[in-house]
Every structure is written in C-alpha cells, then in structure tokens.
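K.L.:
Pasting the sequence and the predicted coordinates here, then a few questions.
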Amino acid sequence: MKALIHWLSNTELSNFIKTVTWIIPAVQVVHILAISVVVASMGMFDVRLLGWAGKRHSIAALASRFLPWLWGALLVLLLSGSILIIGEPERSLGNLVFQLKMAMLLTAIAVTLGFRRLLVHDLSSGSSDLRPEHGPAARLVGAVSLFLWVGIVTAGRWIAYAG
Amino acid sequence: MFVVGSNFTTWLERLEATRVATTISESTWAFPTIETVHVLAITLVVGSITMVDLRLLGLSLRRRPVAEVMVEVLPWTWTSFTVAVASGALLFASAATHYWGTAPFRAKMLLLGLAGANMLVFHCWVQRRAQNARAGMISGGISLCLWIGIVGCGRWIGFV
C-alpha cells in the first residue's frame, strides 16, 4: 500500500490535481451530490424493505425505480472518488477510516446484489412481487443496508478527522 | 445587502460565547459528529428534492402525477431539512463571527432564501395552475440549480 501511495502521489495526474486548487473541492461537491442520490434512494428503499413506509408500492416496483439510480450514482461516485484518491493518496488510501468505508461499500453492494438476485428469482418463478416467505430476509437486508449507507457517509466525513 | 449594525456583531459574539457553542468548539469530536449529522440530513434533503425537481422537469416518474410524488417525497425533505437546520445552527454557533464573515456562508444563506422564495412561488402560483407544465419545469430547474449551489457553497465554507 505504501508503495502504491508513493507511486500515485508522484504521477503527473496527481500533481496536476494538487496544483489546480479548485479541482478537489469541485470534485468533492460532485461526490456529495451523487451520495445524496444514493442516500435518498436507498433510504426510501430500505425503509420499504423494513416495512416502515411506502407499503402501497410493491418491493419489485420500488426496486426498479430506485436501483438504477443507485448504480448510476455509484458510477459517478467511483469516478469522482478516484480523482480524490489520485489527488490525495496518503489522505485516503493510507487512512483506516477510508479502508473501513470501502469495506462497508463493498458489503452494501454485495448485499444489494444478493437481494436483487432473490427478487429476480421470485419474479421469474411467477410471483408478482418478492414472495411473502422472503419477508424476514427483506427486513434484514433493509436494516443492514440502511446501517451501511449511514456508516459509509459517516466514515466519508471522518476521513478528514481521523484514521 | 449584508450590511448590519454592531448590535448584530455583538449578538454573534454572545452566541459564540454560549455554553453550547464553546462546548462544540473546544471538543475534538463534537464538531465532526454534528457535521456528520448535517451531511446526512443534507443528502436526504437534496436527494429527495431532486426526485421532485426531476419529476417537474419531466425527466423521471413521468407516469405518476406531480402531486402524488410530492405528497410521498416532501415529508422526507421537510423532516431532514429540520435536522439540517438544527445541526447547521449548532455548527454556526461554534464559530459564528468567523462564518458570518465568509463569502461562501453568505452565499449559501442567500441561495437558501432564493430556494425558499422559489418554493413559495411554486406552491402559491404555479401549482394552482395544474396544466401549466412549463412553469413547473422552470420551478424544478431553478430548484435543482439552487440546491447544487447550496451544496457547493456548503463545501466551500470548509475551505476558507
């Protein structure tokens, strides 16, 4: 990791990002706007999975409404996040809080993909929505996902303060 | 526009000297913690209002009526906005005179005021003319731009 940080911070691109002082703040703004899309979409979706709100919509309908926004926003987050990492590799890659954030992010993506697979399986077997027997699984996924996204944003902000 | 008397400066100094404010500015963890709550609340405000704005612009949820989308989404916006204002007020109090003197803070407050005015115009005028989709698009477009500006200024505050 140390070698990677050292190499990255000496690349021409990294120096360019550091020299042009407005790049990092501007990219951070894009990053925050994209995470807003994720938090609002997944917040609403998770709350539906938990059965706390939005019950007049089927889980399948909300999955097709919100998940494309998640994947789109994640792409923007990946690109903007990469620019921030290349610009300040030591601040991010070398930071424990950043590593925790990435671990939570990968878990959130895996949990969402796993749930999507379950939903697709139920729908393809003739059900109009997630099968009722998968209700407990949906609630668990909703709780874990909500916890992880709040954790990801929290860790994201704390990279500046800790680690 | 922002010329204010020395009374206001005195008031800011008193705010900064309150127990709550000094507790936040002297603690190592209080500011980042409140700031995290502020960021989480803002992501919900911006994310949810974007859903309404995109609907007004006709870019998403086109099959569902604007009014229905608003009834479902705006409670999220208002709840999280309340949290954002409360947490933001605490952050402001911790260094009130400093923040008040910065350009991005003033710009952010100005844009927030404009977003409020835009919303009032929408609710009092545009919304009552249900057929006027173009006026709705203008409201949605203005709102989207203002909120992007608000997030931009908010982040900029941290760099001055």
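P.N.:
Everything's here; your move.

K.L.:
contacts and neighbour counts: CA atoms only from here.
P.N.:
Fine.

K.L.:
Going by proximity to chain B, name the top residue of chain A.
P.N.:
residue A:36 (3.9 Å; CA to the nearest CA).

K.L.:
for the helix or strand harbouring that residue, packing partners?
P.N.:
Residue A:36 belongs to helix A:23-49 when elements are defined using DSSP states H and E. Judged by 3 or more CA pairs under 8 Å, 6 or more residues apart in numbering or on different chains; DSSP states H and E, helix A:23-49 is in contact with helix A:12-19, helix A:59-87, helix A:135-158, helix B:30-56, helix B:133-157.

K.L.:
by contact count, what packs against the shortest one?
P.N.:
Read that as helix A:12-19. Using 3+ CA pairs under 8 Å, 6+ apart, helix A:12-19 sits against helix A:23-49, helix A:59-87.

K.L.:
on that earlier part again, need the nearest residue in space to the residue of chain A closest to chain B, chain neighbours excluded.
P.N.:
Of all residues not flanking residue A:36 in the chain, residue B:43 sits nearest, at 3.9 Å (CA to CA, 6 or more residues apart in numbering or on different chains).

K.L.:
before we move on, what about residue B:88?
P.N.:
Residue B:88 sits nearest to residue B:38 (CA to CA, 6+ apart), 6.3 Å away.

K.L.:
who's in contact with residue A:123?
P.N.:
Shown in contact with residue A:123 (CA atoms under 8 Å, 6 or more residues apart in numbering or on different chains): A:129-130.

K.L.:
quick one, what contacts the residue of chain B found nearest chain A?
P.N.:
Closest contact between chain B and chain A, by CA to the nearest CA, is at residue B:43 (3.9 Å). Listed by CA under 8 Å, 6+ apart, the contact set of residue B:43 reads A:32-33, A:35-37, A:39-40.

K.L.:
repeat that with 7 Å
P.N.:
When contacts are counted by CA atoms under 7 Å, 6 or more residues apart in numbering or on different chains, residue B:43 is found next to A:35-36, A:39-40.

K.L.:
which of the residues you listed has the most neighbours?
P.N.:
Counting neighbours by other CA atoms under 10 Å in any protein chain shown, the top entry in the contacts of residue B:43 is residue A:40, with 28 neighbours.

K.L.:
Is it in contact with residue B:48, as I believe?
P.N.:
Yes. Using CA atoms under 7 Å, residue A:40 is in contact with residue B:48, at 5.7 Å.

K.L.:
Centre-most residue in chain A?
P.N.:
In chain A, the centroid-proximal residue (CA atoms, centre = their mean) is residue A:105; its distance is 5.2 Å.

K.L.:
Can you point out the buried residues in the host helix or strand of that residue?
P.N.:
According to DSSP H and E, residue A:105 maps onto helix A:96-124. Going by neighbour count (16 or more other CA atoms under 10 Å in any protein chain shown), the buried part of helix A:96-124 is A:97-102, A:104-105, A:108-109, A:111-112, A:115-116, A:118-119, A:122.

K.L.:
so where's the longest helix in chain B?
P.N.:
helix B:66-94 (DSSP state H).
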